[in-house]
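>>> Let me see the structure of the following:
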Amino acid sequence: MTRRRFLKLGAAMAGAVLYGCEMNGKKNIKDFGRTFDYLSDPVLRKKDLGDAQLVVEGAEFSGVKFQGQEWRNIKFVNCDFVGAYDIKQALIAQSSFEGCKFAGIFNLGVLKQVRFVRCLISGTSHVVGDTGSLDVTFEQCEQIGKDPEPNHWGSFGSYGEVAFIKCKAKWTNVTGETKHLIRDCDFESVDCSVSKDGGGSAVLIENSRLLGGFDMRPATLLSLTIRDTTIEGTFDMTNATVKGDILMERVTAGVIKAGIKEGARSFTLRDSQIKGDGQRVCNIYAGAFQHVLMENVVFGRAEGQPVGVGGGYEPDDKKPQPVLTQSLILKNVKAPSWRSARLNAALVRVERSEFLESNFKEGRINTLELVDVTVGSSIDFTGTQVGEFKQSGTTDLKRLGRGLKLEGSNIKLPR
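Here you go, the predicted model:
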């Protein structure tokens with residue numbers, strides 16, 4: 001969720017009830033005597049306690065505003081937070097929220113070195129740190145939405161750096177603007193879009209399970225790394241902007257949609273299986289990347305589920321078109337149906353790979369190399385122009401007979 005969208009939310013959220021865990025009627029923070037005084041007046045706290053940690057346990061925060069101050073070195077334990085916009089400090093630093101519950105809208109202000117541990121957030125609530133937040137961690141926290149309609153979702157995270165460790169979430173937004181870490185999490189149908197306001201986020205996802213859809217449309221990313229993760233649904237980053245590298249390794253996924261904007265450095269997918277959903281498998285705009293590498297990857301389950309890794313050349317555009325993809329390398333790739341049409345590439349190299357049928361139509365390729373490539377029924381080079389074509393090893397396209405389509409192409413097979 002973007003900060004702009006967050007600011008449009010109304011105060012009607014104030015009476016929200018925690019999904020799966022109601023508030024417990026704790027004593028209001030106003031009745032905590034000196035502790036309340038210290039929260040209201042950090043100067044008084046400094047005078048009385050110096051730099052000693054302040055522990056606030058078993059309090060309900062509702063009907064009281066804390067705004068524009070600095071809270072440092074405070075531990076909130078088993079507290080309930082209810083309301084809308086009541087807490088927005090200038091800074092909360094070196095502090096933690098442990099076993100707390102949130103129902104409402106909480107842009108807590110700038111957070112630095114703040115941990116949320118075993119916290120419950122109601123399905124439509126929002127708990128975020130403001131722009132400039134650093135080293136914010138949600139560990140073993142949970143937010144389970146009630147409604148699949150995204151306009152009714154809540155959010156948690158920060159408009160800065162954020163880490164999600166062993167969290168569970170469904171039908172919500174996991175918010176971060178400059179740095180994301182998602183590790184050992186179970187997310188189902190969540191939105192992880194990143195606005196351009198923070199300049200882009202470096203996203204790392206490890207050892208997690210992403211069910212349903214994981215939506216990064218339209219994200220602005222410095223980089224994206226996904227390791228040892230199961231995506232049981234669609235990973236969608238259509239129209240995302242990526243300034244650096246995308247790396248996916250040891251990933252099992254349903255569908256990957258990576259039709260991103262031009263200008264990324266590289267896309268690497270290795271040691272993975274992309275199964276498809278019966279209709280789609282993978283859609284990657286090759287022209288967006290300088291380099292594409294796929295190694296030890298199995299795509300799809302049956303013919304008719306195309307894997308699309310192409311684009312970058314427009315046949316109807318008569319103006320000179322500079323090379324967009326410097327290299328597209330496929331190593332030990334298996335797919336029933338492969339589509340790499342309209343490539344605009346300096347080098348395309350396919351080795352030790354197997355396709356039942358494949359399509360490299362209407363492309364412009366400086367060097368095309370096929371090494372130990374097995375094609376079951378057909379390969380289509382219609383309209384493709386290459387500077388140099390190399391076929392070696394066990395590759396034998398002539399045996400395809402009518403399955404080899406070269407109309408309008410300058411490819412010449414070795415005699």
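>>> Any idea how many residues pack against A258?
A258 has 26 neighbouring residues, counting by other Cβ atoms under 10 Å. Backbone N, C-alpha and C define where each C-beta goes, glycine included.
>>> quick one: contacts for it?
For A258, the contact set (Cβ atoms under 8 Å, 6 or more residues apart in numbering) comprises M237, T238, A240, I246, F267, C282, N283, I284, Y285, A288.
>>> State the distance from the closest residue to G287 other than its chain neighbours to K243.
Nearest-residue entry for G287: G312, 2.7 Å, with adjacent residues in sequence omitted and distances by Cβ to Cβ, 6 or more residues apart in numbering. Separation of G312 from K243 (Cβ to Cβ, to the nearest Å) stands at 18 Å.
>>> Mind checking which of the two has more residues around it?
Taking other Cβ under 10 Å, G312 and K243 do not tie; G312 has more neighbours (22 against 14).
>>> tell me the contacts of the more buried one?
Contacts of G312 (Cβ under 8 Å, 6+ apart): Y285, A286, G287, L324, T325, R342, L343, N344, A345.
>>> what does the model give it for pLDDT?
Note for G312: predicted pLDDT of 96.
>>> What distance do you get for it to L269?
G312 sits 18 Å away from L269, going by Cβ to Cβ.
>>> quick one, what contacts G233?
Contacts of G233 (Cβ under 8 Å, 6+ apart): S189, L210, L211, G212, G213, F214, G254, V255.
>>> give me phi/psi at the fourth one?
The phi/psi pair for G212 (degrees, to the nearest 10) reads phi 60, psi -130.
>>> What is the neighbour count of it?
Look at G212: counted by other Cβ under 10 Å, it has 17 neighbours.
>>> give the contact list for it.
Going by Cβ under 8 Å, 6+ apart, G212 touches E188, S189, V190, E232, G233.
>>> May I see those residues arranged in CSV, with pLDDT as well?
CSV is the format used below for the contacts of G212 (pLDDT from 0 to 100):
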residue, pLDDT
E188, 97
S189, 96
V190, 96
E232, 93
G233, 91
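>>> Burial check on Y85, number of neighbours?
Per other Cβ under 10 Å, the neighbour tally for Y85 reads 16.
>>> And it, how far from G109?
Y85 sits 11 Å away from G109 when distances are taken as Cβ to Cβ.
>>> Repeat that for V307.
46 Å.
>>> Please apply the same query to T238.
Using Cβ to Cβ, we find T238 at a distance of 33 Å from G109.
>>> The two: who's more crowded?
Under the criterion of other Cβ under 10 Å, the comparison of T238 against G109 puts G109 first, with 23 against 16.
>>> dump the residue contacts of that one.
I87, K88, Q89, A90, L91, I92, G129, D130.
>>> 6 Å instead, please
Residues in contact with G109 (Cβ atoms under 6 Å, 6 or more residues apart in numbering) are K88, Q89, A90, D130.
>>> Please name the nearest non-neighbouring residue to it.
Q89 (4.0 Å).
>>> follow-up on the earlier one: biggest separation within the contacts of G312, which pair?
Across those, no pair lies farther apart than Y285 and A345, at 12.6 Å, counting by Cβ to Cβ.
>>> for stretch 232-246, which positions count as buried?
Of all the residues in stretch 232-246, those buried under the rule 16 or more other Cβ atoms under 10 Å are G233, T234, F235, D236, M237, T238, A240, T241, V242, G244, D245, I246.
>>> ugh, wrong one, I meant stretch 202-212
Within stretch 202-212, the residues that qualify as buried are A202, V203, L204, I205, S208, L210, L211, G212, counting by 16+ other Cβ under 10 Å.
>>> Tell me which stretches of this protein form helices.
For the chain, the helices defined by DSSP state H cover 3-7, 34-40, 42-49.
>>> List the contacts of the second one.
So the one you mean is helix 34-40. Looking at what lies outside helix 34-40 - Cβ under 6 Å, 6+ apart - the contacts are I29, K30, R45, L54, V56.
>>> That one - what's its average pLDDT?
Helix 34-40 comes out with an average pLDDT of 98.
>>> May I see the buried residues of it?
Within helix 34-40, the residues that count as buried by 16+ other Cβ under 10 Å are T35, F36, Y38, L39.
>>> nearest spatial neighbour of Q53, skipping sequence neighbours?
Sequence neighbours aside, N73 is the residue nearest to Q53 in space, at 4.9 Å (criterion: Cβ to Cβ, 6+ apart).
>>> do K179 as well
E161 (4.1 Å).
>>> wait, doesn't that neighbour sit right on E177?
No: when contacts are counted by Cβ atoms under 6 Å, E161 is not listed as touching E177 (8.3 Å).
>>> Which residue of these two possesses the greater neighbour count?
Neighbours were counted for E161 and for E177 using other Cβ under 10 Å; E177 has more, 27 against 24.
>>> Fine, thanks again, bye for now.
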